[in-house]
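**Q** I would like the atomic coordinates for the input below:
(chains A and B)
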There are 2 protein chains.
Amino acid sequence: MVDSLKRILLGRPLKTREHQHVQIGIFRGMAVMTPDALSSVAYATDQMEIVLALIIGAGAASQYVTNVLGYSMLGTFIIAVLAFLLYLAYRNIIRHYPKGGGAYAIGLNDLGRFWGLSAASTLIVGYTLTVAVSIAAAIDAIGPVVPFIGHHKLWFNILLTLIIMVINLRGTGESATVFVPFTYAFIASIFLIGIAAVVNALMHPEQVHLPTLSGMAAVKGMTLFLFLKMFASGCSALTGVEAVSNSVPVFREPSVKRAQRLLLLLVLTLSTMFIIVSGVAMMHGLTYNPEVPLINQEAMTLFGTHGFGYVITVLISVSTMCILAIAANTAFTGCPALWSSMARDGFMPRWILHKGGRLVYSNGILFLTFISLLLTIAFDAKVSRLIPLYAVSVFYTFTVSQLGMVVRLFRERGKNWIGAAAGSIFGLIMTATACLIFGITRFRDGAWLVIVCVPLMVFAFNKIKNHYECVRAELKYDFSEPFTLEEPGLTIVPIASVNKASVAALKYAASHFENVIAVHVVTGDTEEAMQEATRKIEADWERLNSGIRLVVIHSQYRSVARRLQRFVEFELERYKPENVTIVIPHFLTAKWWHALLHNKTATYLIAWLVFNKHVKVITVPYQLHR
Amino acid sequence: MVDSLKRILLGRPLKTREHQHVQIGIFRGMAVMTPDALSSVAYATDQMEIVLALIIGAGAASQYVTNVLGYSMLGTFIIAVLAFLLYLAYRNIIRHYPKGGGAYAIGLNDLGRFWGLSAASTLIVGYTLTVAVSIAAAIDAIGPVVPFIGHHKLWFNILLTLIIMVINLRGTGESATVFVPFTYAFIASIFLIGIAAVVNALMHPEQVHLPTLSGMAAVKGMTLFLFLKMFASGCSALTGVEAVSNSVPVFREPSVKRAQRLLLLLVLTLSTMFIIVSGVAMMHGLTYNPEVPLINQEAMTLFGTHGFGYVITVLISVSTMCILAIAANTAFTGCPALWSSMARDGFMPRWILHKGGRLVYSNGILFLTFISLLLTIAFDAKVSRLIPLYAVSVFYTFTVSQLGMVVRLFRERGKNWIGAAAGSIFGLIMTATACLIFGITRFRDGAWLVIVCVPLMVFAFNKIKNHYECVRAELKYDFSEPFTLEEPGLTIVPIASVNKASVAALKYAASHFENVIAVHVVTGDTEEAMQEATRKIEADWERLNSGIRLVVIHSQYRSVARRLQRFVEFELERYKPENVTIVIPHFLTAKWWHALLHNKTATYLIAWLVFNKHVKVITVPYQLHR
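**A** Numbering: from 1, shown residues only, chains lettered A, B, ... in the order given. Purely as a prediction, here's the structure:
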């Protein structure tokens, strides 16, 4: 039943050779690699405005609101510049790492284990947050359109996470093509908002405001700290731009050139879209509303909430939700692959290394689902509560990548290395500064969690690696040792009574082992009952005439398992565990609920014997048919 | 760690012979056997008044309230008469069943399996409800005194249930003596209320009202159905009176006489206390209040809420809570003992039969805790929601007892049997009628649950009995069969690589079995990786020089366990499962968390081989030390 359900949900298992390498161009690359980055504009402006909401207050005049929002516009422009600088930095990385790899590989190879693991830890935190944030934002985006979803956000967050999990467990073979229309639909949506805003501004100039410098200067409470805090939140728009550099080999030749071009295209599109979203919000004085994200507000303002205009508004909401869901999907492809690389290097458990039946890293996907659901539930599916963690982890990853690049350039000292290194150092300083600013300004809002988790993860990965190395050393076989047979030991068969199951076990033991004894534990609520039971088993034993010695022991404490354990412990004082074998008759019931009607003595005993006493245990199954 | 915690909470294990038989007289019998019955007066009047609350309405005049409450007084008197009739019926039962036994034994022996199991089912429902109702009422009683408890009733219900569970798991050896003061304190509390009420009525006659016949006749909305419904709720006062008849042998000789005398004493005390509680409520026009039970209201009215009077009020609350907790405790002694008898007869799972380490039926106690917590949570720890279920189940038990008595008297036809039979038939009609009334009037309030559950339980008990009989027949060994040894079969050793653990398993297999083969499954994400792995294992195998044949198989689906399963299935086409043995190397990690780092292939495979394929499995443990 479980198997057929699995088959229906996930499809048939695939052979290793069914794996296909598809190489793509810029058009499809844009659809596959950018949703994580582009979708960030669906929440980045909101996150900046949350910080500004503190100084706007309720019932402020439109012009005043626009003046305050001027700061978010300023932040948007700075972030656009930052995006371009990141492009320059990652252009370098793409050239030097044409096989892709990302911060983990770069850190591990160029900076040593500590940096590689730090980068991996922040990447994992980032991937997890991408899932949690994108899905929360997706549900926020559709909430104003479908009120039922808006009223049960947490449940729909969980549902959407599980749907994306199932899609990924099925395998992402065909996904690239599927994503194309959604990515372009979202880009079109935002540009449509931009065009409509411009047309509207030209036709009804009285409806829009622009900030004035004097007005902005007059805003009360606008401190540098607040601005940096806002800026940190806005930088969540930059999450995901590193994706292109990780997958250079996916592009058709010349792959480096194509990757660099796509990155440039991404950065320009992203910046433009971000400026549109922040700009329209500013011009119309739209402020943060936890129930209606800014993109929805902008669509409603420009296209209305009735008739054909409302259809466009709904389409914009849906395309926003889709791109965010696809962004979450990106993490489901990236994170398990990263874990698999780490497992190959020995830093993660081995069960996360291999691809499952559908040629995807099933265990990794399940594990990522588990952690991101934890995050979603812990932070009540609120984007604004997750963002502080997000910004820090993303910029930490950027920093490690840059640092790796700088170290590599210094070591190689190739052609024109000084120019390239200067660029990388500038990038390093920029990302490190940003990282520091976010760590400080958002420390109490959750950045501390990242700061605590990352070292713990690095510690854990090291521990895991050490364990695997120890195990390998300990299990290493010395081939010079001759392959000798063992001397005979003791074989014990515990029996509950003389019945078909126990006789089967006794016959098996007598057929293969030398020194066999049967053990029977007598229990009872009274002494008389126990004596009666002893007589019964001894009579049966005589009739069986097996030639095996029977030991009957009495339990004063009414626990068969406990008494058998004592008996084995006693025998282990004379025999070494390697030489003791226990043969356990184990009858299997015909229906699962029948198992509830039988004592679990055998199962309990097997676990104890194997795990605590290291003796060899033979399970002799006996199937009941009714 | 678990073991020492268990030792601290529950004490050391006890030997079977440490079990002591204590025989008691009427004084201690009153303390031990009556709390269940006596404690019912703590909620029975409240339960009648809930029904009447519908026709009183808010802001009624004192005299009108007293007139309505006259009906609850009438109900109380009828129930007192009913109690005396029950005494007469159970007097008979005590004489005819001097070894005790209760409705289950009587039903099973005198009426056949169906009636015995029906009685047992209702008894179990009753015991479970005793726990749930008594504990809920106990928390209600202390609520007005300790507001914190009153505000978190459900949690304190759960806590109190768990405390009583732990006390019972420790064993009830000393409990009889401990209960004496509490039982008598509660009796004293109620009589104190009665005396204070009489003194108060004499000194301040203007403060009390008595109902008038004309006033009662003028009450609007008092239908027969409503009265019967109220009466059914009030009959919850009679729960627990059968307890004495179940434990006749506990009394000192002449035990039958002593038991009968105690039963009479119980019925008289119970009736008097019930009349006091209902009477005082009527005289002072005290009506149902979900936050303050009537006994608390009466104590506050008579003794005040300040100074010394308040101390008495608090003491009455505490003694009420204690007697209710002791009543719940009664079920914890009775129900597991009943289950154990049923398990001895084969109607309940065998694991519920035996006494645990502390000479008590530990599994039964845990199971009862589980069900009653379920009930408590499902009914939100509200006495009023549990009472309808309670009344039906108790009177159903009474009915089965009476019917058994009648049948027995007819069969034996001893001296004076006609008189005794006439009495029993009267008792039967009475209890059956009551049972029917409750079933009808409280059907929608929860009685249906009892009506649904009891047949289901009877069905399940029969199923269990059948299963045990089938298993016994199927496992029965034919002693005429000679004890012959088995012919050699196939032994398979799956290995992950040549290492110390797998070599230990190979040596063991080669030492004891004839036809041994080793199997290695090669997996990999690419064909090259798989070929490389094949070369590696074959080279190692050559160096090992064990003389055992190695079979290397490739998995196209990357699942080692799945591929091994296919291999075993293939071999099972040539060999019978009885003749196939699988030797599985199983390495044990030094720390528990290390186990998370290793594939669970071995464990999974063992379960599959044993449960689905019925082949013999040998686990060869290899302990890692670091």
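
**Q** where does chain A dip in pLDDT?
**A** A:1-22, A:100-101, A:171-177, A:356-359, A:558, A:597, A:599 (pLDDT under 70).

**Q** quick one: the spatially most central residue of it from chain B, how far?
**A** Among the residues of chain A, the one closest to the centroid is residue A:368, at 2.3 Å (Cα atoms, centre = their mean). For residue A:368, the distance to chain B equals 17 Å [Cβ to the nearest Cβ, to the nearest Å]. Where you see a C-beta, it was placed from the backbone N, CA and C, and this is true even at glycine.

**Q** surely that residue meets residue A:331?
**A** Yes - Residue A:368 is within contact range of residue A:331, at 7.0 Å (criterion: Cβ atoms under 8 Å).

**Q** find residues that contact each of those two.
**A** A:127, A:128, A:131 (Cβ atoms under 8 Å, 6 or more residues apart in numbering or on different chains).

**Q** now the residue nearest to the centre of chain A. Nearest residue, chain neighbours left out?
**A** Among residues not flanking residue A:368 along the chain, residue A:335 sits closest, at 5.0 Å (Cβ to Cβ, 6 or more residues apart in numbering or on different chains).

**Q** check contacts around that neighbour.
**A** Residues counted as contacts of residue A:335 (Cβ under 8 Å, 6+ apart) are A:123, A:124, A:127, A:128, A:364, A:368.

**Q** so which of the residues you listed sit within helices?
**A** The helices, defined by DSSP state H, take in A:123, A:124, A:127, A:128, A:364, A:368 from the contacts of residue A:335.

**Q** now these as CSV including distance to residue B:522?
**A** As requested, these are exported to CSV (distance: Cβ to Cβ, whole Å):
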residue, distance to residue B:522
A:123, 31
A:124, 30
A:127, 31
A:128, 34
A:364, 22
A:368, 28
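
**Q** residue A:153 reaches residue A:138, doesn't it?
**A** No - using Cβ under 8 Å, residue A:153 is not in contact with residue A:138; the gap is 10.4 Å.

**Q** who has more neighbours, these two?
**A** residue A:138 (27 against 19; other Cβ atoms under 10 Å in any protein chain shown).

**Q** tell me the contacts of that one?
**A** Contacts of residue A:138 (Cβ under 8 Å, 6+ apart): A:160, A:320, A:321, A:322, A:324, A:325, A:328.

**Q** leaving out sequence neighbours, find the closest residue to the fifth one.
**A** Just to be clear, that refers to residue A:324. residue A:138 (3.6 Å).

**Q** scan the contacts of residue A:138 and report the most crowded one.
**A** residue A:324 (31 neighbours).

**Q** return the distance of that one relative to chain B.
**A** 31 Å.

**Q** can you give me the neighbour number for the one residue in the stretch 201-350 of chain A that gets nearest to chain B?
**A** Nearest residue of the stretch 201-350 of chain A to chain B: residue A:349, at 4.6 Å (Cβ to the nearest Cβ). Using other Cβ under 10 Å, residue A:349 has 20 neighbouring residues.

**Q** pretty sure it contacts residue A:342?
**A** No - if you go by Cβ under 8 Å, residue A:349 and residue A:342 don't touch, sitting 9.6 Å apart.

**Q** on that earlier part again, so which strand or helix has the residue nearest to residue A:368?
**A** helix A:307-344 (DSSP states H and E).

**Q** list the buried ones in that helix?
**A** Under the neighbour-count criterion of 16 or more other Cβ atoms under 10 Å in any protein chain shown, helix A:307-344 has A:312-343 buried.

**Q** quick one: the helices in the stretch 501-626 of chain A, in order.
**A** Along the stretch 501-626 of chain A, counting by DSSP state H, counting those that start in this stretch, helices occupy A:527-544, A:560-571, A:601-608.

**Q** now tabulate the ones you listed in a markdown table and tack on distance to chain B.
**A** Putting the helices of the stretch 501-626 of chain A into a markdown table (distance: least, Cβ to the nearest Cβ, whole Å) gives the following:
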| stretch | distance to chain B |
| --- | --- |
| helix A:527-544 | 5 |
| helix A:560-571 | 8 |
| helix A:601-608 | 8 |
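
**Q** of those, which is nearest residue B:237?
**A** Evaluated over those, closeness to residue B:237 peaks at helix A:527-544, with 40.6 Å, by Cβ to Cβ.

**Q** give the buried residues for the closest one.
**A** Neighbour count says helix A:527-544 has A:530, A:533, A:534, A:537, A:540, A:541, A:544 buried, by 16+ other Cβ under 10 Å.

**Q** isn't the second one right up against residue A:522?
**A** Yes - distance between residue A:533 and residue A:522: 4.7 Å, which falls inside the contact criterion (Cβ under 8 Å).

**Q** and chain A, split by domain according to the record?
**A** Annotated domains of chain A cover A:2-468, A:490-623 [automatic domain parsing].

**Q** now the end-to-end length of the last one.
**A** With Cα to Cα, to the nearest Å as the measure, the ends of domain A:490-623 fall 27 Å from one another.

**Q** and the angle for the host helix or strand of residue A:191 with helix A:307-344?
**A** Using DSSP H and E, residue A:191 sits in helix A:175-203. Here the directions of helix A:175-203 and helix A:307-344 differ by 140 degrees (axes from the mean of the first three to the mean of the last three Cα atoms, to 10 degrees).

**Q** in helix A:175-203, what counts as buried?
**A** Those would be A:175-176, A:179, A:182-183, A:185-187, A:189-190, A:192-194, A:196-197, A:200, for helix A:175-203 by 16+ other Cβ under 10 Å.

**Q** what's the first helix or strand after that helix?
**A** helix A:213-217.
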